[in-house]
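Enquirer: I would like to see how this sequence folds:
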Amino acid sequence: MKFHETPLNGVYVIEPEQRGDSRGWFQRIFCEKEMAEAGLETRFVQANNSFNAEAGTLRGLHYQLPPSPEVKIVRCIKGALWDVIVDLRPTSPTYLKWHGVELTAENRLAYYVPRGFAHGFVTLEPDTETLYLASEFYNPQAERGLRWNDPKIGITWPLDGAIISEKDANWQDFNQEYHGVELMKGL
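Expert: As a prediction, the model looks like this:
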């Protein structure tokens, strides 16, 4: 596995190394030893799968407050999506900065999302499927979200318009109290 740093502190794009012959190929998509050697989380308690029928479906931006902040490893297994994260750690040099990466079934890249980041994506093709690992169980009391078009964050999405849930469309604009900035200081 290759770990490519991004402009955001602690965030990586993971590139699996593929080995193959005339029969096909094999690649490791998770390796506890390699993750540990890179200083990354190695314990995951959930594997989640989402399917999106239409291109332009937007999910997010989701995260969990302490005591349940989660690390995610996100991978597109069918179709294509643009995955974006926002650093909500107030002591980070990249606080309130965002980064996006295209994940496709063809490029087989994965996105390593540390604790303290809001995460979301928009599908670029119909019938897009996403698989991701989470280091914490879903905790509805700790759940928060950042609105996808919050002007304070200023994410430049690759598509105009979006198919979005009412819940995701109605997250609050960024404010330190609601978004748990004080709780995120230790991350």
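Enquirer: switch to C-alpha atoms for all contacts and neighbour counts from now on
Expert: Fine.
Enquirer: in this protein, which helix or strand is least confident?
Expert: strand 24-27 (a mean of 77; mean pLDDT, DSSP states H and E).
Enquirer: residues making contact with that strand?
Expert: The contact list for strand 24-27 (C-alpha atoms under 8 Å, 6 or more residues apart in numbering) reads Pro16, Glu17, Gln18, Arg19, Gly20.
Enquirer: and which of these is nearest to Ala80?
Expert: Pro16 (17.1 Å; C-alpha to C-alpha).
Enquirer: verify the stated contact: the closest one with Cys31.
Expert: No - counting by C-alpha atoms under 8 Å, Pro16 does not reach Cys31; the two are 10.2 Å apart.
Enquirer: higher neighbour count, the two?
Expert: Pro16 (18 against 11; other C-alpha atoms under 10 Å).
Enquirer: now the most centrally placed residue in the chain: how far from Asn170?
Expert: Closest residue to the average C-alpha location of the chain: His119 at 4.3 Å, with C-alpha atoms, centre = their mean. For His119, the distance to Asn170 (C-alpha to C-alpha, to the nearest Å) stands at 16 Å.
Enquirer: cool, Leu40 as well?
Expert: In terms of C-alpha to C-alpha, Leu40 sits 33 Å off from Asn170.
Enquirer: so the two - more neighbours on which side?
Expert: Each of Leu40 and Asn170 has its neighbours counted (other C-alpha under 10 Å); Leu40 has more, 17 against 13.
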